[in-house]
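In: A predicted structure for the sequence below; I have some questions about it.
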Amino acid sequence: MTDVLQIELVAADRVVWSGEATEIIARTVDGDLGILVNHAPLLSLLVEGVVNITPVEGAAVFAAVEEGFLSVAHNRVSILSEDTYLASEIDVAAAKTELEAARAADDEAAVRRADAKIRAAEKAS
């Protein structure tokens with residue numbers, strides 16, 4: 001099939017998700033970015049947020065990512081992030097506790113990470 005994107009969602013220690021998709025949406029330093037087939041080559045910095053993948057087959061895939069990189073070339077999309085969690089791997093109660101602790105510590109980066117986990121899990125449900 002030539003009208004698909006080859007997606008790799010990679011954390012520091014594993015490939016989190018890999019497969020064919022028709023669309024992927026991720027948050028970069030310039031804002032939310034949607035990638036479709038035949039997108040122009042691109043290299044961008046990711047910020048903490050939710051990645052939304054529309055696979056060729058099956059239900060939408062949601063993941064929470066930390067800062068990292070997004071690369072697009074020749075219908076291949078790579079998302080590289082230190083920590084990446086599929087929505088199905090996220091413990092929402094633990095993420096809410098993490099969010100409260102981050103707010104109490106006034107740690108904005110930790111707040112964004114915890115919030116991304118919660119949003120990814122909620123979108124998947």
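Out: Okay, I see it.
In: so what's Q6 up against?
Out: G19, E20, N75, R76, V77 (CB atoms under 8 Å, 6 or more residues apart in numbering). From N, CA and C alone the C-beta is placed, and that goes for glycine too.
In: Most neighbours among the residues you listed, which one is it?
Out: In terms of neighbours by other CB atoms under 10 Å, the contacts of Q6 top out with V77 at 22 neighbours.
In: who does the helix or strand that contains it touch, helix- and strand-wise?
Out: For V77, the host element (DSSP states H and E) is strand 76-81. Applying 3 or more CB pairs under 8 Å, 6 or more residues apart in numbering; DSSP states H and E, one finds that strand 76-81 contacts strand 5-11, strand 14-28, strand 68-73.
In: Is the closest residue to S71 other than its chain neighbours bridged to anything, and to what?
Out: Leaving out its chain neighbours, the residue that sits closest to S71 by CB to CB, 6 or more residues apart in numbering is S78, at 4.5 Å. Taking DSSP bridges as the rule, S78 bridges to E8, S71.
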